[in-house]
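> Build me a structure from this.
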Amino acid sequence: MIDKIVRDMAAAMEGVKDGSTILIGGFGAAGQPDDLIEGLIEQGATDLTVVCNNAGTGRTGLARLMELGRVRKIICSFPRSAGSVVFEELYKAGKLELEIVPQGTLAERMRAAGAGIPAFFTPTAAGTQLGRGKEVREFNGRPHVMELALPGDVALVEAWEADRWGNLAYRRSGRNFNPVMAMAARLTIVQAHNIVEVGEIDPECVVTPGIFVNRVLNVKRGAPWA
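Predicted coordinates for the structure are as follows:
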């Protein structure tokens, strides 16, 4: 019987290795797997490359993971935002590498990884510093930059509903980067607010099929961002 529900956080984080590339879902606070981030902090993996939309706020969650010196590099679209004090401190001190990727390109790089596409061309960033050193080709008279797919070793994902097969449904803005990250990782770990029986999620509402999910942890909490 397929059952991807894990009993506790330790089981969810088992086997996450030092040096891993970690994809962390969310758009600001919306859809961010805060409990799994705390679980990763407790688990102890270090020398991490983190891929996410922004670089954390305050001194909790992702910001705390960075402040503890566990993140070597961050790949994101918005490193500076309200409250991104830890990122700024570490970056100015030369203790954190940064790769800025336009938001649409970031999503497509992970979607491409999940679809088995090694690279693609996009006009975004052509002729800018972000395109420097990358292959450029012209299509229909317009320059395009080649971007590589961005797979992860681990994806930390938040979902509203899950079943024991790992099928996932999201709630409103909580969907954001979570589906493409689930596709792009070798190990996808999910925190789900609600666990339901197989068949209870309307097939039209299943955004992430269970084939992309390895572990599901039930985390009961409201959705203030919805």
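
> max-length helix in the chain?
Ranked by number of residues, the top helix in the chain under DSSP state H is helix 103-115.

> Quick check: next helix or strand after that one?
strand 119-122 (DSSP states H and E).

> Export that following strand to PDB, keeping only CA atoms.
Output of strand 119-122 as PDB, limited to C-alpha atoms (Å, rounded to 0.1, in the frame of the first residue of the first chain):
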ATOM      1  CA  ALA A 119      18.100  24.500 -21.000                       C
ATOM      2  CA  PHE A 120      15.900  27.100 -22.800                       C
ATOM      3  CA  PHE A 121      16.200  30.500 -24.400                       C
ATOM      4  CA  THR A 122      14.500  33.600 -23.000                       C
END
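
> same for that strand, what does it pack against?
Applying 3 or more C-beta pairs under 8 Å, 6 or more residues apart in numbering; DSSP states H and E, we find strand 119-122 packed against helix 103-115, strand 142-148. (Glycine included, C-beta is placed from N, CA and C.)

> contacts for it?
Identification of contacts with strand 119-122 by C-beta atoms under 8 Å, 6 or more residues apart in numbering yields Gly104, Thr105, Glu108, Ala112, Arg137, Phe139, His144, Val145, Met146, Glu147, Leu148, Ala149.

> The second one against Leu148, yeah?
I take that to be Thr105. No - using C-beta atoms under 8 Å, Thr105 is not in contact with Leu148; the gap is 10.5 Å.

> ok, residues contacting stretch 160-169?
2-5, 157, 159, 170-171, 174, 178-179, 182, 190, 192-202, 205-214, 216, 223.
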